[in-house]
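[1] Build me a structure from this.
(one chain, ligands or ions: 1)
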Amino acid sequence: MKQSDPPALSLDQIKGIIQYPCCPKQTAVVSLDAHGRISVQCANCGKYLLIDNDRMTATVTRPCKGAKARFRSAG
Ligand SMILES: [Zn+2]
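    The predicted model follows:
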C-alpha cells in the first residue's frame, strides 16, 4: 500500500495563525471551525501556552496538572 501524506488544512480552511509569545518563530495554525481555548506546549522552549481560538491570542500559562492522568487522548 502506498503511504499517503498526512492530512493538512487547506488555506481556505484556515482562520489565521497565532504567534507564540515565548518564541515568535513558533506559530499555531487556527482552522476556521476552531473555537474556545486550548493549552499547548511550545515545541521550542517547552513553555505552556493558552491559545484562545476566538480571540486569536496566545498567553504563557502554567501546565494543566493532572490532565494527562485524568484524560486519555481521543486519537
Ligand atoms: Zn517557546
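
[2] Where does Ser39 fall, secondary structure wise?
    Under the criterion of DSSP states H and E, Ser39 resides in strand 37-41.

[3] Other residues contacting the helix or strand harbouring Ala69?
    Per DSSP H and E: Ala69 is located in helix 67-70. If you take C-beta atoms under 8 Å, 6 or more residues apart in numbering as the criterion, helix 67-70 is touched by Ser39. (Glycine included, C-beta is placed from N, CA and C.)

[4] Stretch 49-66 now?
    Against stretch 49-66 from outside (C-beta under 8 Å, 6+ apart): 15-16, 18-22, 28, 30, 34-42, 47-48.

[5] Mind checking which of those are buried?
    Lys15, Ile18, Tyr20, Cys22, Ala28, Val30, Ala34, Cys42, Lys47 (16 or more other C-beta atoms under 10 Å).

[6] Spell out which parts of the chain neighbour the ion.
    The chain has residues Cys22, Cys23, Cys42, Asn44, Cys45, Lys47 near the ion, with proximity defined as C-beta under 5 Å from the ion.

[7] So what does the closest residue to the last one other than its chain neighbours have for phi and psi?
    Leaving aside its sequence neighbours, Lys47 sits nearest to Cys22 (C-beta to C-beta, 6 or more residues apart in numbering; 4.7 Å). Dihedral pair for Cys22: phi -80, psi -40, per degrees, to the nearest 10.

[8] measure Cys22 to Leu32 for me?
    Computed as C-beta to C-beta, to the nearest Å, the Cys22 to Leu32 distance reads 26 Å.

[9] With pLDDT added, can I get the buried ones among the contacts of stretch 49-66 in JSON lines?
    What follows is the buried ones among the contacts of stretch 49-66, written out as JSON lines (pLDDT from 0 to 100):
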{"residue": "Lys15", "pLDDT": "97"}
{"residue": "Ile18", "pLDDT": "97"}
{"residue": "Tyr20", "pLDDT": "97"}
{"residue": "Cys22", "pLDDT": "97"}
{"residue": "Ala28", "pLDDT": "96"}
{"residue": "Val30", "pLDDT": "97"}
{"residue": "Ala34", "pLDDT": "97"}
{"residue": "Cys42", "pLDDT": "96"}
{"residue": "Lys47", "pLDDT": "96"}
